[in-house]
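Trainee: build the 3D model from these lines:
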Amino acid sequence: MATSAFLDSAIATLNARLKAARLGLQVERRGDRLSLRGTLPPRPGSVKPRPHQQRIPLGLPATPAGLKQIEQQAKVIAAQLIERRFDWASYLAPQAEAADTMPLADRVAQFEAHMMAHAGSDIAALASRKTTWDKAYAPYLKKLLRQAEQHPQQPLAAAMVVTLETLPLHARSRQVACTALKAFADFHGMSLPEGFDQLAGTYGNSKAQRRLLPADEVIVEWCDRIPNPAWRHVYGIMATYGLRNHEVFFCDYQGLRQGDLEGRITVLETTKTGLHDVWPFYPEWCDRFGLRQGCLPPINTDLTTTTLQRIGQQVAIQFKRYGVPFSPYDLRHAWAVRTIHFGLPDIVAARMMGHSVAIHNRTYHRWITHRDQQAAVRAALQKGTWRTPV
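Mentor: Residues are numbered from 1 along each chain as shown. Below you'll find the predicted structure:
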């Protein structure tokens, strides 16, 4: 049987050929099955009037033989699209019937297997993916299962809407649930009601803007108050590099400890958002907090027996233990705002924080707006085209 890595490589090669041929279709592996994705006419019963990105569930096995079959199918479908002969009836009938009769619990299990398959055989990557599943997908799919069990005659799309509406409008949980349910629907080729995205609620930058972040002087003061050198080191790393709780324990500190003047460290692939470099803000805090010599506390970081979430929780527990009057994540937010005041480009700061520019701008909108307004005012005043009234 072909390995997951071999199949992924073969799919990437095939997709390169399809792209070079300008067929407008790409192959995707979903668990042990292959499908095609591209801009396609609306499905029967869809509320969308124009072609849009969709998946064709061909049901072909994720094997070398399946890849040969799907390449031929891609050429046939591309020709049908060009000649405007494409008909969903040729591709949906068997799969739609099977999907309608499959128990929801089995469909959730299929989706979980698909999510885990993307981690491959790497233990660290699998542990990270498992943490993401447990926190961001499983709780909301369980809610969907309960809703479906209580109302067995309710259409699944309607059950998904009700599941979202049971969550507080302003809560992050509702935003995360919307993302999870959309991913589940996309995996199974389901059409969601128009306006489903708007059900995600209004959680966003309002909480981050209301958050009272500790001043830099306060951050330094509380670092000195932590009596345990190892946990003081954790605190100093988080303050200087804006890391997530668990990321502290999954970094390459070699350059920092060998005297690299820039103080750059590398967050490893094991973490929530994968491999990325981070620079200190302030650089002088590397020496102020003794980060070049310090050691981390000896906690369990073996991801075959623990999770990133549990590791992060231990950091929060220690903050409370030592009476720190703000959360570990406040250090991360303070670091982000510090980079804004330094004038670091948002795209660079976002990359160092391991999230998208959109999330960065949304979360720190207030401070970014203030910086940009201030820069615009200074630029206008420096033009020298105005005169003070005499």
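Trainee: hmm, who's touching stretch 69-79?
Mentor: 14, 17-18, 21, 23-25, 27, 34, 36, 38, 56, 58, 60, 86 (Cβ atoms under 8 Å, 6 or more residues apart in numbering). Quick note: C-beta positions are derived from backbone N, CA and C, even for glycine.
Trainee: in what helix or strand does T131 lie?
Mentor: T131 is part of helix 123-132, with elements assigned from DSSP states H and E.
Trainee: pLDDT on that helix, on average?
Mentor: Averaging pLDDT along helix 123-132 yields 71.
Trainee: which among the contacts of stretch 69-79 gets closest to V267?
Mentor: Top of the list for closeness to V267, among these and by Cβ to Cβ, is V27 at 31.6 Å.
Trainee: hey, which helix or strand in the chain has the poorest pLDDT?
Mentor: Sorting the helices and strands of the chain by mean pLDDT, DSSP states H and E puts helix 205-210 at the bottom, at a mean of 49.
Trainee: and the next helix or strand past that helix?
Mentor: Helix 205-210 is succeeded, C-terminally, by helix 216-225 (DSSP H and E).
Trainee: and stretch 47-56, C-alpha only, in PDB?
Mentor: Only the C-alpha atoms of stretch 47-56 are listed here, as PDB (Å, rounded to 0.1, in the frame of the first residue of the first chain):
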ATOM      1  CA  VAL A  47     -29.000  29.200  -3.700                       C
ATOM      2  CA  LYS A  48     -25.800  30.400  -5.400                       C
ATOM      3  CA  PRO A  49     -26.500  31.600  -8.900                       C
ATOM      4  CA  ARG A  50     -23.000  31.600 -10.300                       C
ATOM      5  CA  PRO A  51     -20.100  29.100 -10.600                       C
ATOM      6  CA  HIS A  52     -18.000  28.900  -7.500                       C
ATOM      7  CA  GLN A  53     -15.300  26.700  -5.900                       C
ATOM      8  CA  GLN A  54     -16.700  23.200  -5.200                       C
ATOM      9  CA  ARG A  55     -15.600  19.600  -4.800                       C
ATOM     10  CA  ILE A  56     -16.700  16.700  -7.000                       C
END
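Trainee: ok, now which ones touch R351?
Mentor: Here R351 is in contact with H276 (Cβ under 8 Å, 6+ apart).
Trainee: low-scoring stretches of this structure, by residue?
Mentor: 1-3, 92-101, 117-126, 202-211, 272, 384-390 (pLDDT under 70).
Trainee: mind naming the longest strand for it?
Mentor: In the chain, taking DSSP state E as the definition, the longest strand is strand 52-61.
Trainee: can you mark which positions in that strand are buried?
Mentor: For strand 52-61, the neighbour count (16 or more other Cβ atoms under 10 Å) marks 54-58, 60 as buried.
Trainee: out of these, which is nearest to I219?
Mentor: Nearest to I219 among the buried residues of strand 52-61, with distances taken as Cβ to Cβ, is R55, at 47.9 Å.
Trainee: contacts only, for that closest one.
Mentor: 28, 35-37, 186, 189.
Trainee: so which of the residues you listed sit within helices?
Mentor: In helices, judged by DSSP state H, the following of the contacts of R55 are found: D186.
Trainee: among the contacts of R55, which pair sits farthest apart?
Mentor: L36 and D186 (14.1 Å).
Trainee: correct me if wrong: Q318 contacts V234.
Mentor: Yes. Applying Cβ atoms under 8 Å, one finds Q318 in contact with V234, separated by 7.4 Å.
Trainee: these two: which is more packed in?
Mentor: Shown here are Q318 and V234; by other Cβ atoms under 10 Å, V234 has more neighbours (24 against 20).
Trainee: residue contacts, that one?
Mentor: 248, 296-297, 315, 318.
Trainee: what do you get for C251?
Mentor: Contacts of C251 by Cβ under 8 Å, 6+ apart are 237, 243, 265-268.
Trainee: now do R244
Mentor: Counting by Cβ under 8 Å, 6+ apart, R244 touches 271-272, 312, 329, 332, 354.
Trainee: from those, pick the one nearest P280.
Mentor: Nearest member of the contacts of R244 to P280, counting by Cβ to Cβ, is R332, at 13.6 Å.
Trainee: dump the residue contacts of the closest one.
Mentor: When the contact criterion is Cβ under 8 Å, 6+ apart, the partners of R332 are 238, 242-244, 353.
Trainee: let's see it at 10 Å
Mentor: Taking Cβ atoms under 10 Å, 6 or more residues apart in numbering, we find R332 in contact with 213, 238-239, 241-245, 247, 353.
Trainee: buried among those? Make that a PyMOL selection.
Mentor: Buried residues within those, by 16+ other Cβ under 10 Å, are selected in PyMOL with:
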select buried, resi 213+238+239+241+242+243+244+245+247+353
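Trainee: G259: which of the contacts of R332 is nearest?
Mentor: G259 has its nearest neighbour among the contacts of R332 in Y241, at 17.1 Å by Cβ to Cβ.
Trainee: count of neighbours near the nearest residue to that closest one once chain neighbours are set aside?
Mentor: The shortest distance from Y241 to any residue other than its chain neighbours is 4.7 Å, reached at V278 (Cβ to Cβ, 6 or more residues apart in numbering). V278: 23 surrounding residues under other Cβ under 10 Å.
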